[in-house]
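[1] With the sequence up front, the predicted model follows.
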Amino acid sequence: MSQRQPNQSLRSRHLLLLAWLVSLVATAAALFIGEVMGMAPCVLCWYQRIAMFPLVVVLGIGVLRQDHAMALPALVLAAAGWFVAGYHTLLYWGWIDPAITPCGSGPSCKQAVLQVLGAFDLPFVSWLAFTVIVLALAVSLKGNKHV
């Protein structure tokens, strides 16, 4: 076995851990916004949650068992969430005609109170989280070809 193989395996485990930590923080933030702050998610936010919440479990199992095979189903979920979050972000920014009105009833994603660091809107932050997860899993899978 070459020296390169153990390093790739270690890097793949670190990338899997990174993806899990991002999904954990994103899920905790979504639950905080919904349950503590009392902000109701819009339809597109719900779709993103449907993709993000299971990632905590799938990637958590992969990290705990050091089972890199969990990266592939996680990548499928993360890619679905990435597309929804990207669409939501473009819709939020007004770059897409609002066929689906985000945050139509109740509190809105557009409220300044829901901006991260006072500058980043929630759909964009969600898209960034999914981007980090997708990239970490894709690089991890590429470096770990025996999965």
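    Received it, and whenever you're ready, just let me know what you need.

[2] what pLDDT, on average, does the helix or strand hosting residue 9 get?
    Residue 9 belongs to helix 4-31 when elements are defined using DSSP states H and E. Across helix 4-31, the average pLDDT comes to 87.

[3] buried ones in the helix or strand just after it?
    Note on helix 4-31: by DSSP H and E, the next helix or strand toward the C-terminus is helix 43-65. By neighbour count on 16 or more other Cβ atoms under 10 Å, the buried set for helix 43-65 is 44-45, 47-49, 51-56, 58-60, 62-63. The way it works is simple: take the backbone N, C-alpha and C, and place the C-beta from them, glycine included.

[4] got the angle between the helix holding residue 9 and helix 43-65?
    Orientation check (axes from the mean of the first three to the mean of the last three Cα atoms, to 10 degrees): helix 4-31 against helix 43-65 gives 140 degrees.

[5] Give me the distance between helix 4-31 and the centre of its chain.
    11 Å (Cα atoms, centre = their mean, to the nearest Å).

[6] Next: stretch 75-88.
    8 Å.

[7] ok, and what's touching that stretch?
    Stretch 75-88 is contacted from outside by 19, 23, 44-45, 47-48, 50-52, 54-55, 58, 96, 102, 123, 126-127, 129-131, 133-134, 137-138, 141, using Cβ atoms under 8 Å, 6 or more residues apart in numbering.

[8] now stretch 131-145
    In contact with stretch 131-145 (Cβ under 8 Å, 6+ apart) are residues 8-9, 11-12, 15-16, 18-19, 22-23, 55, 68, 71-72, 74-75, 78-79, 82, 147.

[9] Is it possible to mark the buried ones in those?
    8, 12, 15-16, 18-19, 22-23, 55, 68, 71, 74-75, 78-79, 82.
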